[in-house]
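1. how would this look folded up:
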Amino acid sequence: MVRKISAENIKELRSKTGAGMTDCKKALEASDGQIDMAIETLRKKGLASADKKSARIATEGLIESYIHAGSRIGVLVELNCETDFVARQQEFHQLAKDVAMQIAACQSVIYVSKAHIPNEIMLYEKNIELQKEDLAEKPAEIREKIACGRIEKRLKELSLVDQAFIKNSEITIEELVKQHIALLGENIKIRRFQRFILGEGLESRNNNFNDEVLNMIKNK
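-> Numbers count the residues shown, from 1 in each chain. Below is the predicted model of the structure:
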């Protein structure tokens, strides 16, 4: 017997996925009213839809900022979409805020994706791995295989879109963006970002003070 789908069920699924009412109803009917199965169905459809849109040009959007509590870490991120209409949507603004917050939280992230990592960085990381002591005695083929696995892990650590979303660790930032592509119907891309850390690159006041003391002693 097919379970009756109520308006409350459809509303709940819509609030969790952002999908349209008709799509929510169909997904619930196909899953016999089981919310989790319906979410998975919509997610698969959404991601497939997002993949088709990912090649479209996105030149609109916004620049979002995030300042962490204490004002010691700040982030600027440019998020692009196809039209000004989508750029004004609340969901798009929330995505930009979430991405900016993610960048502040992930200090190891330097690039938007692995595709943005320069070849010289990849070669540098590979050279380091191949020279590690635990690989020294292994056959060349095994060394190469292990090193490639470690490099892939390292490159993911540097890539923003490969990070688990801090508000939902079951999805990556790439999947989060694709969900919004499906929701808003346009291609969305994280173009670039910059992280600012207070005092980064400057010598600490303490080190300067120590140098001053040493110079005073030497000059006596």
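
2. is it true that residue 181 touches residue 58?
-> No. With contact defined as CB atoms under 8 Å, residue 181 does not count as touching residue 58 (9.8 Å). For every residue, glycine as well, the C-beta is placed using N, CA and C.

3. what about the two, which has more around it?
-> Between residue 181 and residue 58, residue 181 has the larger neighbour count (other CB atoms under 10 Å), namely 26 against 20.

4. any idea how far the more buried one is from residue 43?
-> According to CB to CB, to the nearest Å, residue 181 and residue 43 sit 12 Å apart.

5. ditto for residue 157
-> In this view, residue 157 and residue 43 are 25 Å apart by CB to CB.

6. of these two, who's got more company?
-> Shown here are residue 157 and residue 43; by other CB under 10 Å, residue 43 has more neighbours (18 against 12).

7. what kind of secondary structure is the more buried one in?
-> Secondary structure, DSSP: H, G, I helix; E, B strand; the rest coil: residue 43 is helix.

8. Test my guess that it contacts residue 179.
-> Yes. Residue 43 lies in contact with residue 179 (CB under 8 Å); the separation is 7.3 Å.

9. which residue ranges form the strands in this structure?
-> According to DSSP state E, the chain carries its strands in the segments 60-67, 73-81, 164-165, 168-172, 189-197.

10. which stretch among these comes nearest residue 10?
-> Closest to residue 10 of the strands of the chain, according to CB to CB: strand 168-172, at 22.1 Å.

11. Buried residues in that closest one, which are they?
-> Along strand 168-172, these residues count as buried under the neighbour rule (16 or more other CB atoms under 10 Å): residue 172.

12. which residues are in contact with it?
-> Residues outside strand 168-172 that contact it (CB atoms under 8 Å, 6 or more residues apart in numbering) are 161, 162, 163, 164, 165, 176, 179.

13. what's the answer for stretch 78-95, then?
-> Identification of contacts with stretch 78-95 by CB under 8 Å, 6+ apart yields 18, 56-64, 96, 99, 176-177, 180, 183-193.

14. please redo it, this time with the cut-off set to 7 Å
-> 18, 56-64, 96, 99, 180, 183-184, 186-192 (CB atoms under 7 Å, 6 or more residues apart in numbering).

15. Pick the one among the contacts of strand 168-172 closest to residue 140.
-> Among those, residue 162 lies closest to residue 140 (CB to CB), at 28.5 Å.

16. low-scoring pLDDT stretches of this structure, where are they?
-> In the predicted model of the chain, residues 1-3, 15-20, 45-52, 203-220 satisfy pLDDT under 70.

17. Cheers, nothing more for now.
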